[in-house]
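Engineer: I need the structure of the sequence given here:
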Amino acid sequence: TTEIYTLSLHDALPISKLYPQRWVQLGYLAVLALLSDWVCFSVAAAPETWVQTYAHDPATLIDIFLFTNVFFCFVEPAIVRRVGLRNCIVGAAVVMSSGCALRSGIPLTGSVPSYPFVVAGTILVGAAQPFFQCTPPLLSATWFGAEERATATATAINFNQVGIATAFLVGGAMAGNAEGLASYFDLITLCSVLVTIGAVLQFKEKPELPPSSSAAAKILEDSQADPNARVPSFFETARQLLAVPGFTRALCAFVVSIGVSNVLSAFIEEILIGVGITGQETIDLAGAGFQAAIVLGGIVLGGYVDRTKQYKVVTQACLVAALLLLLPLGNTASTAPVVLGTLIALGAMVGPVQPINAELAVEVAYPADENSIEALQQLCGNLFSALLVPIAEGASTGRLKVPGGLGELRGDFMLLTGLTATGLAFFSTFDSTLRRSALECAVDEEGDSCKMVGELTDDEEVELEREMKILEEGPLGKLSDATATADKPTN
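Structural biologist: Alright, predicted model coming up:
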């Protein structure tokens, strides 16, 4: 059940402000995520050219990238805590540009570098990606208001899908031969260098005033912490997060979403060829459309969740829709128009589950570190996908006849359907408090986002009172002069 929890705070002073700079921050993080996955899947649309040029399987390069990514997901939270958001993003952008430069070799010569240089460059980009992939919830909490966070997180987390689409569209058009491949890599390097220069000049650490009361309370709490206290390891943090009520439900939905979307991305070409779509341009456009649907679906549904805080209802609706859409997509009797339309619709439904549940995990685990939460989710999602893709590939040869002569269901889609149904059943048991929204509701009972799932337990009421005391003694007092003279929030 969804209930409104309010705690009257007499004539609470405004302690938050929204800055236009937040959109600049989001833009850089989203584009950097795009570039990192563009590099990862850069030759997915031109495997023949790659094999002719290097005599190596292009899938090996993707595996190298992903394994590097997983390793740096372990260390990324500690690095962000130590050096801050700006230094991490800018530093990772420089590392990514260096990797792109190694992959492209001497520009404008029309020649490609040796394979070891390409591998080294790929490792650098793989090491940089977690800093763009795991920081969206932290960026949202640092810069965006209570009714913008899910939209911002959805944009940043899912924008890497645009990078995959770009790889298919641009790579398919440019990388037809070795000289074209060299020009293609030069283009990626140029884009990366330009975005990195912009980030160095414009990306900031944090706003002067926090964007929400929960952000203000967290800043004050962090400032009062013992600087010499031992920082828990990644595994200790993960164990603490997994013990938070409701966290595993959000994690499960996140992992199901990333697993389904990654399997579909891996086998789009095979699916389309199976229904008679053989034109490479059509296949590339369909793949790009699927990735675009993931991004747009996340933005639209993320905006709705921002306004209503209906994380559970929206996630359930998306997973139910995904269940229904997987059936015609995996039916060998489906026509080409049905498969194309279903593929786009499925992207719009399954994609938003990731960012929405990234924000849901932050809500239930508040005031835990947003970056550590997303690092754990990405790590689990990527490892699960790495295991799921080969299993789905093996299951794809299986067939189950549909009664009434209505075709056959592919084995891989039966696997995805079972996975989605299991995830939906487990997630539906979610009944935990949105602790971050509870605090914001306590400060501003008139806010549209003053909603939460479930009721506060006795321990959570004590925690809320503690957070309110921090606000009263900190931002409400110390920042009163600053907020009194500050401009009204800019939207």
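Engineer: contacts, neighbours, all on C-alpha from now
Structural biologist: OK.
Engineer: so who does the residue nearest to the spatial centre of the chain touch?
Structural biologist: By C-alpha atoms, centre = their mean, the mean C-alpha position of the chain lies nearest to residue 157, the distance being 2.5 Å. By C-alpha atoms under 8 Å, 6 or more residues apart in numbering, the contact list for residue 157 reads 30, 33, 133, 136, 354-355.
Engineer: dump those into a markdown table; add distance to residue 409 and secondary structure as well.
Structural biologist: Listed next are the contacts of residue 157 as a markdown table, based on distance: C-alpha to C-alpha, whole Å; DSSP: H, G, I helix; E, B strand; the rest coil:
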| residue | distance to residue 409 | secondary structure |
| --- | --- | --- |
| 30 | 37 | helix |
| 33 | 35 | helix |
| 133 | 34 | helix |
| 136 | 37 | helix |
| 354 | 26 | helix |
| 355 | 30 | helix |
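Engineer: residues touching the nearest residue to residue 355 once chain neighbours are set aside, list them.
Structural biologist: Nearest non-adjacent residue to residue 355, counting by C-alpha to C-alpha, 6 or more residues apart in numbering: residue 154, 4.7 Å away. With contact set as C-alpha under 8 Å, 6+ apart, residue 154 has these partners: 295, 298-299, 302, 352, 354-356.
Engineer: what helix or strand is residue 154 on?
Structural biologist: With elements taken from DSSP states H and E, the one containing residue 154 is helix 149-158.
Engineer: pLDDT averaged over that helix - what is it?
Structural biologist: Model confidence over helix 149-158, given as mean pLDDT, is 91.
Engineer: just give me the neighbour total for residue 200.
Structural biologist: Using other C-alpha atoms under 10 Å, the number of residues around residue 200 comes to 16.
Engineer: surely it touches residue 89?
Structural biologist: No. Counting by C-alpha atoms under 8 Å, no contact exists between residue 200 and residue 89, whose distance comes to 9.1 Å.
Engineer: what stretches of the stretch 351-491 of the chain score poorly on pLDDT?
Structural biologist: Filtered on pLDDT under 70, the stretch 351-491 of the chain yields the residue ranges 405, 443-491.
Engineer: so where do the strands sit in it?
Structural biologist: Secondary structure of the stretch 351-491 of the chain (DSSP state E, counting those that start in this stretch): strands at 399-401, 408-410, 452-453.
Engineer: what are the contacting residues of the second one?
Structural biologist: The reference is to strand 408-410. When contacts are defined by C-alpha under 8 Å, 6+ apart, strand 408-410 is touched by residues 327, 330-333, 395-402.
Engineer: among these, which ones are buried?
Structural biologist: When the contacts of strand 408-410 are checked for burial by 16 or more other C-alpha atoms under 10 Å, the buried set is 327, 330-333, 395-396, 399.
Engineer: ok so, going back, tell me the one of the contacts of residue 157 nearest residue 147?
Structural biologist: Distance to residue 147, by C-alpha to C-alpha, is smallest for residue 355 among those, at 14.4 Å.
Engineer: what about that closest one, how many residues nearby?
Structural biologist: Each residue near residue 355 was counted by other C-alpha under 10 Å, and the total is 29.
Engineer: what of residue 137?
Structural biologist: The burial count assigned to residue 137 is 29, neighbours taken as other C-alpha under 10 Å.
Engineer: same check on residue 439?
Structural biologist: Residues contacting residue 439 under the criterion other C-alpha under 10 Å number 26.
Engineer: hmm, it is touching residue 216, no?
Structural biologist: No. Checked against C-alpha under 8 Å, the pair residue 439 and residue 216 is beyond contact range at 10.7 Å.
Engineer: off-centre distance for the helix or strand residue 184 falls within?
Structural biologist: Remark: residue 184 resides in helix 178-202, with elements defined by DSSP H and E. The gap between where helix 178-202 is centred and where its chain is centred comes out at 23 Å by C-alpha atoms, centre = their mean, to the nearest Å.
Engineer: quick one: residues in contact with it.
Structural biologist: For helix 178-202, contacts defined as C-alpha under 8 Å, 6+ apart pick out 24, 28, 31-32, 35, 39, 49-50, 53, 90, 93-94, 96-97, 100-101, 103-104, 107-108, 110-112, 170-171, 174-175.
Engineer: mind listing what's buried in it?
Structural biologist: Residues of helix 178-202 classed as buried by neighbour count (16+ other C-alpha under 10 Å): 178-190, 192-193, 195-196, 199-200.
Engineer: equivalent analysis for stretch 20-30, please.
Structural biologist: Burial within stretch 20-30, assessed by neighbour count using 16+ other C-alpha under 10 Å, is assigned to 22, 25-30.
Engineer: just those: which are in helices?
Structural biologist: When helices are assigned by DSSP state H, the members of the buried residues of stretch 20-30 inside them are 22, 25-30.
Engineer: in CSV, list these along with pLDDT.
Structural biologist: Supplementary listing: these in CSV, determined by pLDDT from 0 to 100:
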residue, pLDDT
22, 95
25, 96
26, 96
27, 96
28, 96
29, 96
30, 95
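Engineer: which residues of the stretch 201-350 of the chain fall in helices?
Structural biologist: Assigned by DSSP state H, counting those that start in this stretch, the stretch 201-350 of the chain shows helices spanning 213-223, 234-242, 247-274, 280-308, 311-329, 336-350.
Engineer: and the shortest one, what other elements does it pack with?
Structural biologist: If I follow you right, that is helix 234-242. Based on contacts counted as 3 or more C-alpha pairs under 8 Å, 6 or more residues apart in numbering; DSSP states H and E, the elements that helix 234-242 packs against are helix 58-83, helix 370-395.
Engineer: so of these, which one's packed in deepest?
Structural biologist: Each of those was assessed for mean neighbour count using mean count of other C-alpha atoms under 10 Å. The highest is helix 370-395, with a mean of 20.
Engineer: helices or strands next to that one in the packing?
Structural biologist: Contacts defined by 3+ C-alpha pairs under 8 Å, 6+ apart place helix 370-395 against helix 58-83, helix 115-133, helix 136-143, helix 234-242, helix 247-274, helix 353-365, helix 411-427.
Engineer: and the gap between the residue nearest to residue 248 when sequence neighbours are not counted and residue 77?
Structural biologist: On the basis of C-alpha to C-alpha, 6+ apart, the spatially nearest residue to residue 248 that is not a chain neighbour turns out to be residue 242, at 6.0 Å. Counting by C-alpha to C-alpha, to the nearest Å, the separation of residue 242 from residue 77 is 16 Å.
Engineer: what does residue 284 give?
Structural biologist: According to C-alpha to C-alpha, residue 284 and residue 77 sit 36 Å apart.
Engineer: go on, residue 292?
Structural biologist: 29 Å.
Engineer: report the mean confidence score over stretch 213-229.
Structural biologist: Confidence over stretch 213-229 (mean pLDDT, whole number) is 74.
Engineer: what comes up buried for it?
Structural biologist: Judged by neighbour count using 16+ other C-alpha under 10 Å, the buried positions of stretch 213-229 are 213-220.
Engineer: ok, the residues you listed vs residue 162, which is closest?
Structural biologist: Among the buried residues of stretch 213-229, and counting by C-alpha to C-alpha, the member closest to residue 162 is residue 215, at 29.9 Å.
Engineer: that closest one reaches residue 141, doesn't it?
Structural biologist: Yes. Here residue 215 lies in contact with residue 141, judged by C-alpha under 8 Å, at a distance of 6.4 Å.
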